[in-house]
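Novice: Okay, structure incoming, though there's no sequence with it:
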């Protein structure tokens, strides 16, 4: 830490994916979400943290690893399938090296992809034995990375009126975190930054010290915050701290028009060889249904609005990432200098982003983060990077404010997750939550087959509560899959509920469901009691 710094930057990466695991199929398209994020986001971040450790670069960054994501990282079936996925990509990249031998611009890119896929396999298999969780835990234990949790399945708290069901989302998450990361979580990313008054009391019970809200969650709190979002506030009663998102720094990265990822020299996400190349050539690398897919090999840069795209130049794109990192740092320095003079205290700039933006959607994103953290370490003395826990230790005296009910996303008050395309799910979720609490109260000392059925009912409720399904329905991507997942979990829960009450549990069917929806193997349904 710099002794004479004027303020702090808290860079927060929200790493999350819905729990997608389908052992009933040999290949399943939506599992690719996980494999792509491993290759393009999580492994590059780990490699960056490792370089910083080797070179003595001081950095402090906060990152959520949600329970569903940790569960997928630890799952042997998905670990095996990811290696199979990587081997296919390495094979495809090898063929691309041969195909582009007389096309220098593309040949250079084919070599780059072959190296990156091979390196990902080496890191995943040889260094970490197919499980990346210990890699993240190592940097947490060193004190540079603060890993925070999330609701068990990214359940959206403002639309969860049953407090016992909301409590279960938090308690299961905290226990799961401790199992995989060796201690209780200090902070939490409430799914979609969704907060409603009272949730902080549950966080206090779980031992969680802080959470994040969108900007207006703090600004419209009661009373109005003296320092805006540039200092945390304590919730009355619970004394759990709330940190608000800084809009200015968020806009520089998120804005479709003004944000860095839209630069014309960055890689175009949508132009992929899975769609560009001859079908018979690419078919062996598609899924069994034969539909064209994104493979991850992309040869063109954004270029502009015109249809014709120019070839991607990694060296130029990397220079752009360095320039944009310098610009971001300069703007934060000026912002901190202004705020420090205005507020009379060291401000904290909270800049949260979805982790998967960096590397997956914005291919150069991990380079941008690395340049930014290096520049902050070497090139200036105005700002320090810091985690929320570190900030609270340094500045324990803060204002007491009750945050406003809020979310991030369109309009900021739940509309993304409750509107015409997805409102049908909530009567089912509310009834399921009430029935799960009923079962937990009725059967307090279950064992054997009844215990298994009650635990599985809890899993089905949790999986149905994932906010991802409502989000997908709203955005219009993979809607059929979101509908199916929601209806499947509702249907399985209803059958379990009725079979439990009728004392007619089908053990064979239950075993099949346990194998398919196997998240949280240590769950105890009594958490709903």
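Specialist: Arrived safely, thanks for sending. Treat the numbers as computed from the prediction; the structure is a model and nothing was measured. Numbers count the residues shown, from 1 in each chain.

Novice: Quick check: longest helix in this protein by residues?
Specialist: helix 314-343 (DSSP state H).

Novice: Give me the helices and strands touching that helix, please.
Specialist: strand 7-15, helix 104-121, helix 247-254, strand 348-354, helix 365-378, strand 383-385 (3 or more CB pairs under 8 Å, 6 or more residues apart in numbering; DSSP states H and E). Quick note: C-beta positions are derived from backbone N, CA and C, even for glycine.

Novice: could those go into TSV alongside mean pLDDT and mean neighbour count?
Specialist: Output for the helices and strands packed on helix 314-343, formatted as TSV (pLDDT from 0 to 100; neighbours: other CB atoms under 10 Å):
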stretch	mean pLDDT	mean neighbour count
strand 7-15	98	24
helix 104-121	98	18
helix 247-254	91	16
strand 348-354	97	22
helix 365-378	98	21
strand 383-385	97	23
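
Novice: could you list every residue that touches residue 8?
Specialist: The contact partners of residue 8, taken as CB atoms under 8 Å, 6 or more residues apart in numbering, are 336, 346, 347, 348, 349, 383, 384, 385, 386, 391.

Novice: coming back round to it: avg pLDDT for the longest helix of the chain?
Specialist: Helix 314-343 carries an average pLDDT of 97.

Novice: and that helix with helix 365-378, angle?
Specialist: For helix 314-343 against helix 365-378, the angle by axes from the mean of the first three to the mean of the last three CA atoms, to 10 degrees is 50 degrees.

Novice: List the buried residues for helix 314-343?
Specialist: 314, 317, 320-322, 324-325, 328-329, 332-333, 335-336, 339-340 (16 or more other CB atoms under 10 Å).

Novice: got a list of what residue 435 touches?
Specialist: 493, 497.

Novice: Check the spacing between it and residue 162 real quick.
Specialist: Counting by CB to CB, to the nearest Å, the gap from residue 435 to residue 162 is 10 Å.

Novice: pLDDT below threshold where in this protein?
Specialist: For the chain, the stretches with pLDDT under 70 are 1-3, 256.

Novice: repeat that with 50
Specialist: When the per-residue scores of the chain are filtered using pLDDT under 50, no range remains.

Novice: What is the nearest of the contacts of residue 8 to residue 178?
Specialist: Proximity of these to residue 178 (CB to CB) peaks at residue 391, which lies at 23.1 Å.

Novice: Flag every buried residue along the particular helix or strand that has the closest one in it.
Specialist: Residue 391 is located in helix 388-394, with elements delineated by DSSP states H and E. Under the neighbour-count criterion of 16+ other CB under 10 Å, helix 388-394 has 388, 389, 390, 391, 392 buried.

Novice: Could you chop this structure up by domain?
Specialist: 7-74+131-250+347-411, 418-528 (automatic domain parsing).

Novice: Ends of the shortest one, what's the gap?
Specialist: To tie it back to what came earlier, the one meant is domain 418-528. For domain 418-528, the first-to-last residue distance is 25 Å (CA to CA, to the nearest Å).

Novice: same check, this time on stretch 269-278
Specialist: Start-to-end, stretch 269-278 (CA to CA) is 19 Å.

Novice: what's in contact with it?
Specialist: 92, 96, 282, 285-286, 292-300, 309, 361, 363.

Novice: next one: it to chain centre, how far?
Specialist: 26 Å (CA atoms, centre = their mean, to the nearest Å).

Novice: Which parts of that stretch count as buried, going by neighbours?
Specialist: Those would be 271, 272, 273, 274, 277, for stretch 269-278 by 16+ other CB under 10 Å.

Novice: Just list the residues touching the residue nearest to the second one when sequence neighbours are not counted, thanks.
Specialist: What it means is residue 272. Nearest residue to residue 272, sequence neighbours excluded (CB to CB, 6 or more residues apart in numbering): residue 294, at 4.5 Å. By CB under 8 Å, 6+ apart, the contact list for residue 294 reads 32, 36, 272, 274, 275.

Novice: at 10 Å what do you get?
Specialist: Residues near residue 294 by CB atoms under 10 Å, 6 or more residues apart in numbering: 32, 36, 269, 270, 271, 272, 273, 274, 275.

Novice: Tell me the buried residues in stretch 422-442?
Specialist: 422, 425, 426, 428, 429, 432, 433, 435, 436, 437, 439, 440.

Novice: what do you get for stretch 134-150?
Specialist: For stretch 134-150, by 16+ other CB under 10 Å, it's 135-140, 144-150.

Novice: what's in contact with stretch 415-426?
Specialist: Applying CB under 10 Å, 6+ apart, the set of residues contacting stretch 415-426 is 156, 158-161, 191-192, 194, 407-410, 464-465, 467-476, 479, 482-483, 486-487, 490.

Novice: Sort out for me which of those residues are in helices.
Specialist: 464, 467-475, 479, 482-483, 486-487, 490.

Novice: From those residues, list the buried ones, please.
Specialist: 464, 467-474, 482-483, 486, 490.

Novice: Show me which pair in the residues you listed is furthest apart.
Specialist: 474 and 490 (18.6 Å).

Novice: I'd guess residue 460 is in a strand, am I close?
Specialist: No - assessed with DSSP: H, G, I helix; E, B strand; the rest coil, residue 460 is helix; it does not lie in a strand.

Novice: So that it lines up with my notes, have the first residue be 564 from now on.
Specialist: Sure thing, new numbering starts at 564, so read that last one as residue 1023.

Novice: For it, the count of nearby residues, please.
Specialist: 23 (other CB atoms under 10 Å).

Novice: Same check on residue 643?
Specialist: Residue 643 - counted by other CB under 10 Å - has 11 other residues nearby.

Novice: burial measure for the closest residue to it other than its chain neighbours, as a count.
Specialist: Spatial nearest neighbour of residue 643, chain neighbours left out: residue 693 (7.9 Å); criterion: CB to CB, 6+ apart. Per other CB under 10 Å, the neighbour tally for residue 693 reads 15.

Novice: show me the contacts for residue 693.
Specialist: Here residue 693 is in contact with 636, 637, 639, 641, 642, 643, 645, 646, 687 (CB under 10 Å, 6+ apart).

Novice: Identify the residues contacting residue 1017.
Specialist: 999, 1002-1003, 1005-1006, 1009, 1059-1060, 1063, 1068, 1086-1089, 1091 are the contacts of residue 1017 under CB under 10 Å, 6+ apart.

Novice: same deal with residue 641?
Specialist: For residue 641, counting by CB under 10 Å, 6+ apart, the contacting residues are 583, 584, 585, 586, 594, 597, 598, 601, 634, 635, 648, 693.

Novice: Try it again at 6 Å.
Specialist: residue 635 (CB atoms under 6 Å, 6 or more residues apart in numbering).

Novice: for it, phi and psi?
Specialist: phi -70, psi -30 (degrees, to the nearest 10).

Novice: what about the residue of the chain positioned farthest from its centre, which SS state?
Specialist: Residue farthest from the centre of the chain, counting by CA atoms, centre = their mean, is residue 665 at 40.6 Å. When classified by three-state DSSP, residue 665 comes out as coil.

Novice: in the stretch 664-813 of the chain, which spans are strands?
Specialist: Along the stretch 664-813 of the chain, the stretches classed as strands by DSSP state E, counting those that start in this stretch are 708-713, 750-752, 773-776, 796-797, 804-807.

Novice: export the buried residues of stretch 832-841 to CSV and tack on secondary structure and distance to residue 916?
Specialist: As requested, those are exported to CSV (DSSP: H, G, I helix; E, B strand; the rest coil; distance: CB to CB, whole Å):
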residue, secondary structure, distance to residue 916
834, coil, 24
835, coil, 23
836, helix, 28
837, helix, 27
840, coil, 32
